[in-house]
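Novice: structure for the following, please:
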Amino acid sequence: MSNQDKKRRVVVIVGRPNVGKSALFNRLAGGRIAIVHQESGVTRDRLMREISWGSERFELIDTGGICNIQLSTKQDEINLGIRKQVEIALEDAAVVILVVNIESGILPMDEEVARLLHGKGCFTIIAANKSDNPARDNGAADFEKFGFPVFPVSALHDRGVDIMMQSVIASLPAAENTTVSKPLRIVVAGKPNAGKSMYINRLLNNDRLIVSNIPGTTRDSIDIPFTIGKGEQARHYLFVDTAGMRHRSKIDDSVEWYSHLRSTNSIESADIVLLVMDCTVGPTEQDKKIGSFIAKEKKACILLFNKWDLAEGKVTQTKYAPAVLESMPFLRYCPMVFISAKTGYNIRTTIDVIDHVAAQLQISLPTGILNRAIIDACERVHAPSVGGRHLKIFYVTQVGHSPVRINLYVNNPKFATHAYREYLSKRLREKFGLDGVPIVLNFRERTQKAEK
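Specialist: A predicted model of the protein is given here:
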């Protein structure tokens with residue numbers, strides 16, 4: 001079997017910084033997925049999307065710009081991580097798209113990237129980008145010296161992309177007839193340097209993400225597919241590593257603003273959020289703001305207290321947990337796991353907790369048992385008087401999952417005070433578990449139509 005036959009249907013975009021790799025990625029993926037900015041080196045980790053082109057489906061990977069590395073600065077530390085991420089991506093590539101800038105012509109780093117690809121033996125085509133009109137097409141011929149097919153394109157204006165993609169599709173291995181269940185979307189969130197990327201790397205047991213002590217190393221939300229088991233018993237996850245979320249007043253450039261926006265968008269689309277916090281400093285004000293946003297979005301959530309290897313011996317988990325809940329009462333529904341991404345402590349336990357919370361998200365509460373639980377709660381603690389009148393609950397029913405949504409048909413929703421709503425939620429959680437899952441109680445006035 002040839003090396004090409006072993007490849008999956010993976011297309012990898014590579015090149016030096018600021019040639020338009022992310023713009024081409026967005027063009028092929030059909031949306032603004034990668035952050036595009038004039039600042040060099042915005043993309044660092046690999047961005048992955050499964051996309052459709054005509055009737056064909058394949059995995060598309062955007063990579064960071066390859067630079068000269070002198071190992072003398074913090075930026076070089078990141079550049080070394082980018083180079084490593086590119087080489088890992090190339091191991092899976094069936095087709096490589098080398099993006100160059102037709103405006104600037106051939107630069108030394110273009111030549112270095114081309115040598116790297118020849119050394120890897122990857123099937124490669126060249127996208128001579130920024131060929132915005134026919135007059136620029138002639139400049140594409142200069143890149144033929146690299147020994148790869150060259151296609152003049154404009155990612156910005158969608159020029160020449162279709163012709164290039166015909167070559168890409170023709171070079172992909174045959175598709176396998178496999179169906180995979182929709183993965184559980186797990187968003188890993190937190191402030192900078194909490195250990196989000198290190199946690200995912202430890203979980204996957206590889207250096208999937210660039211890890212550095214430099215705050216803000218992760219610039220975009222990165223999707224990482226992860227599967228446990230095989231065949232029908234396989235469990236599929238999609239972990240999303242997000243950029244560290246700083247307070248808005250401390251965001252000092254447009255790239256970081258886009259990163260913050262991507263992180264909030266990722267939380268909004270999550271099935272479950274893992275809020276990673278540094279337990280050596282305790283929940284910070286920014287941790288609380290992120291947690292408050294998660295609660296506001298009604299997201300299932302698990303609290304991961306990282307760096308426990310540094311805190312153990314100074315405080316116990318039984319004392320730490322209540323203090324956290326006191327400072328973040330809006331996340332009382334969330335289970336807690338103390339971990340160390342550095343040593344691996346409790347990392348695999350997080351998967352068990354994720355699976356448990358995922359099952360709770362899809363729970364269906366039988367109407368009869370649910371009504372009995374509400375009656376018991378009301379008999380234990382009567383609803384307070386509002387203007388001399390009391391709340392009466394006639395019947396309840398579950399109307400949704402993820403989060404658990406329950407309609408309560410009452411005499412007047414205004415009689416349901418905030419405190420009593422919280423009490424009923426607490427009683428339902430005690431009765432049915434629902435760890436990590438928000439409970440949304442909708443109080444509706446009973447009408448003739450509702451009774452029917």
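Novice: list the contacts for the spatially most central residue of the chain?
Specialist: Nearest to the geometric centre of the chain sits Val240, at 2.0 Å (C-alpha atoms, centre = their mean). Applying C-beta atoms under 8 Å, 6 or more residues apart in numbering, we find Val240 in contact with 185-188, 221-224, 266, 270. Any C-beta I mention is one placed from the backbone N, CA and C, and that applies to glycine too.
Novice: adding neighbour count, distance to Lys414 and secondary structure, write the residues you listed out as JSON lines.
Specialist: Below are the contacts of Val240 laid out as JSON lines (neighbours: other C-beta atoms under 10 Å; distance: C-beta to C-beta, whole Å; DSSP: H, G, I helix; E, B strand; the rest coil):
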{"residue": "Arg185", "neighbour count": "16", "distance to Lys414": "37", "secondary structure": "strand"}
{"residue": "Ile186", "neighbour count": "26", "distance to Lys414": "39", "secondary structure": "strand"}
{"residue": "Val187", "neighbour count": "26", "distance to Lys414": "36", "secondary structure": "strand"}
{"residue": "Val188", "neighbour count": "28", "distance to Lys414": "40", "secondary structure": "strand"}
{"residue": "Ser221", "neighbour count": "26", "distance to Lys414": "41", "secondary structure": "coil"}
{"residue": "Ile222", "neighbour count": "25", "distance to Lys414": "46", "secondary structure": "strand"}
{"residue": "Asp223", "neighbour count": "18", "distance to Lys414": "44", "secondary structure": "strand"}
{"residue": "Ile224", "neighbour count": "20", "distance to Lys414": "47", "secondary structure": "strand"}
{"residue": "Ser266", "neighbour count": "22", "distance to Lys414": "36", "secondary structure": "helix"}
{"residue": "Ala270", "neighbour count": "23", "distance to Lys414": "33", "secondary structure": "coil"}
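Novice: need those residues in JSON lines (columns: pLDDT and distance to Ala170).
Specialist: Shown next, in JSON lines, are the contacts of Val240 (pLDDT from 0 to 100; distance: C-beta to C-beta, whole Å):
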{"residue": "Arg185", "pLDDT": "92", "distance to Ala170": "33"}
{"residue": "Ile186", "pLDDT": "94", "distance to Ala170": "36"}
{"residue": "Val187", "pLDDT": "93", "distance to Ala170": "36"}
{"residue": "Val188", "pLDDT": "92", "distance to Ala170": "37"}
{"residue": "Ser221", "pLDDT": "64", "distance to Ala170": "32"}
{"residue": "Ile222", "pLDDT": "77", "distance to Ala170": "29"}
{"residue": "Asp223", "pLDDT": "79", "distance to Ala170": "27"}
{"residue": "Ile224", "pLDDT": "81", "distance to Ala170": "29"}
{"residue": "Ser266", "pLDDT": "85", "distance to Ala170": "35"}
{"residue": "Ala270", "pLDDT": "92", "distance to Ala170": "37"}
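Novice: and Ser292, how far is that from Ser402?
Specialist: 20 Å (C-beta to C-beta, to the nearest Å).
Novice: the two: which is more packed in?
Specialist: Neighbours were tallied for Ser292 and for Ser402 using other C-beta atoms under 10 Å; the higher tally belongs to Ser402 (17 against 13).
Novice: which residues of the stretch 301-450 of the chain score low on pLDDT?
Specialist: Scanning the stretch 301-450 of the chain with the threshold set as pLDDT under 70 gives 448-450.
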